[in-house]
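Chemist: I would like the atomic coordinates for the input below:
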Amino acid sequence: MAEHSVTVENTLQTLLADKKYSTIRDILVTMNPADIAAVFSGVERDKLPLLFRLLPKELAAESFVEMESEEQEALIRGISDSELRQVMDELYVDDAVDIVEEMPANVVQRILAQSDPQMRREINEILQYPENSAGSVMTTEYVKLSPGMTVGDAILRIRRTGVDKETIYTCYVLENRMLVGTVSVKSLLLAPNDLQTIDSIMESNLITVTTHTDQEEVAQMMSKYNLLAIPVVDGDNRMVGIVTFDDAMDVMEDEATEDMEIMAGMTPSDKTYLRSSPFDLFKHRIPWLALLMVSATFTGLIISSFEEKLAALVALTAFIPMLMDTGGNSGSQSSVTIIRALSLNELEFRDLPKVIWKEVRTAVLCGVVLAVLCFAKVMLVDRLLLKTEGVDAMVALVICLTMAVTVVCAKVVGCTLPMLAKKMGFDPAVMASPFITTIVDALSLLVYFGIATALLPALR
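Modeler: I've put the predicted structure just below:
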């Protein structure tokens, strides 16, 4: 797809240079709005208004929604007020809100000035809801029916008003603004006769969310119940909007990206990688790097405190990286598994004892296998092949015992910290690989030197 976009982009550049605008229009009208937006992203900013004006009104609005915020801003600055008004008239409310949230204040003022009063009012209402809530991602454009309406009247209502709605596949039955049921277009079309009333075929077992429900929970509910849209109600059960599946997909993508960035030790960013400057990347990475660097000081202090004992048996030093890395990897495996389970609502804090018990049993199995492999490696490679001075059976035993204990400790830490973070109201992803690795490094050194001191006469 990327190669295709580059090819089309090059073709458009050539046609623009030759001023063959009708040919450009013929190419663009055959393309999907998302593909048009991808092509526009590689076009010079000053050429965007010209290309945009070649698109039919509806296709132009759909392509505008798919564009990145930088291109949208450049385009808004390059088109007239009347053209901007036409675009706003074609947008759904939730798409308009997304655009407004990304624009600087002066551009927002112009957007709102060119929106009709109803659109402006709905945009302002949605912007008042908390960030990352159902209210902030919903749309207020949906098909409303009444319980006493006949099937024939309902179909007529959909024909008259559906063109301005984001989805018509599920209709919402309201009585005094209260949601009392839902009915699908399929149910309407397959009803025995057109005189049947809506309340006789509607689904009254409702799945709803409130305006303050977290957007990630909304997306999870839609996935769980296979919904194309989910109604949003206020505290009095009055319906205020719906969240559609395309918005839920965007939420899930954003949340997954945010979790990945946090788990990698970075502050989440709203920009794509190619649109982020080196300074942007620096700002998002340096806080965690600085924190982890300072926290790693504890590891250095532990090593310094055992400096004399290491000098007595230098061979122990060579195995420190292996033990720390194995511990970090073990903790990361557990933390990633638990974080994923927490994000899917498979686990709650009350499950912590079960989780610890399962991870301990898993860690014992992993630790025993790794200890046996480690013993064979130390005796065959380090002692026989490399002939490392000071390595004998007792040193190998110390290393293997440390390996087993470290794996158990690491997995307990890796499964416990994310669940504690969730209980305390933090994002469990914060307790992912970098943070847990630092803790496990310190634990592995303490275990290593403790066992070595207890078993090796040279260190006593």
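Chemist: let me know the secondary structure of the residue positioned nearest the centre of the chain.
Modeler: The chain has residue 255 as the residue nearest its centroid, 1.8 Å off, counting by C-alpha atoms, centre = their mean. When the structure is reduced to helix, strand and coil (DSSP: H, G, I helix; E, B strand; the rest coil), residue 255 reads as helix.
Chemist: so it touches residue 216, yeah?
Modeler: Yes - with contact taken as C-beta atoms under 8 Å, residue 255 and residue 216 are classed as touching, separated by 4.9 Å. C-beta coordinates here come from the backbone N, C-alpha and C atoms, glycine included.
Chemist: okay, and the common contacts of those two?
Modeler: residue 343 (C-beta atoms under 8 Å, 6 or more residues apart in numbering).
Chemist: now do the contacts for the residue nearest to the centre of the chain.
Modeler: For residue 255, the contacting residues are 215-216, 219, 343, taking C-beta under 8 Å, 6+ apart as the criterion.
Chemist: rank those residues by pLDDT and give me only the lowest.
Modeler: In terms of pLDDT, the lowest of the contacts of residue 255 is residue 343, showing 78.
Chemist: what residue ranges in the stretch 351-460 of the chain score low on pLDDT?
Modeler: Within the stretch 351-460 of the chain, the segments meeting pLDDT under 70 span 430-434, 458-460.
Chemist: with the chain instead?
Modeler: Looking at the chain by pLDDT under 70, you get 1-6, 261-275, 288, 295, 430-434, 458-460.
Chemist: got the residue ranges for the strands in the stretch 101-250 of the chain?
Modeler: When secondary structure is read from DSSP state E, counting those that start in this stretch, the stretch 101-250 of the chain shows strands at 144-145, 170-175, 178-184, 209-210, 229-233, 239-244.
Chemist: in its sheet, what does the fourth one sit against?
Modeler: What it means is strand 209-210. Here the strand partners of strand 209-210, with direction, are listed using DSSP bridges: strand 229-233 (parallel).
Chemist: name the SS class of residue 12, please.
Modeler: Here residue 12 is helix, with the state taken from three-state DSSP.
Chemist: and for residue 238, the neighbour number?
Modeler: 12 (other C-beta atoms under 10 Å).
Chemist: could you do the one 3 residues further on as well?
Modeler: By other C-beta under 10 Å, the residues close to residue 241 number 28.
Chemist: now it, nearest residue through space, not along the chain?
Modeler: Of all residues not flanking residue 241 in the chain, residue 138 sits nearest, at 3.6 Å (C-beta to C-beta, 6 or more residues apart in numbering).
Chemist: let's have the contacts of residue 255 in TSV, adding distance to residue 7 and neighbour count.
Modeler: Formatted as TSV, these follow (distance: C-beta to C-beta, whole Å; neighbours: other C-beta atoms under 10 Å):
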residue	distance to residue 7	neighbour count
215	37	25
216	38	19
219	35	24
343	39	20
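Chemist: list just the nearest of these to residue 167.
Modeler: Distance to residue 167 across the contacts of residue 255 (C-beta to C-beta) is lowest for residue 219, with 16.2 Å.
Chemist: residue 244 is in contact with that closest one, correct?
Modeler: No - proximity of residue 219 to residue 244 does not meet the contact threshold set by C-beta under 8 Å, at 11.1 Å.
Chemist: out of the contacts of residue 255, list just those in helices.
Modeler: Secondary structure assignment by DSSP state H places 215-216, 219, 343 of these in helices.
Chemist: of those residues, which pair is most distant in space?
Modeler: Spatial extent of the ones in helices among the contacts of residue 255 (C-beta to C-beta) is set by the pair 215 and 343 at 13.1 Å.
Chemist: residue 116: what's its closest spatial neighbour, skipping adjacent residues?
Modeler: Once flanking residues are discounted, residue 116 sits nearest to residue 89: 7.0 Å by C-beta to C-beta, 6+ apart.
Chemist: so which strand or helix has the one you found?
Modeler: helix 81-90 (DSSP states H and E).
Chemist: so which elements touch that helix?
Modeler: Helix 81-90 is packed against helix 57-66, helix 105-113, with contacts defined by 3 or more C-beta pairs under 8 Å, 6 or more residues apart in numbering; DSSP states H and E.
Chemist: for these, which one sits closest to residue 400?
Modeler: Smallest distance to residue 400 across the helices and strands packed on helix 81-90 (C-beta to C-beta): 57.1 Å, for helix 57-66.
Chemist: show me the domain layout of the chain.
Modeler: 2-128, 144-244, 296-459 (automatic domain parsing).
Chemist: TSV for the ones you listed, including distance to residue 259?
Modeler: Putting the domains of the chain into TSV (distance: least, C-beta to C-beta, whole Å) gives the following:
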stretch	distance to residue 259
domain 2-128	21
domain 144-244	10
domain 296-459	4
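Chemist: next, the buried residues of stretch 335-349.
Modeler: Neighbour-count burial for stretch 335-349, counted by 16 or more other C-beta atoms under 10 Å, picks out 335-339, 341-343, 347.
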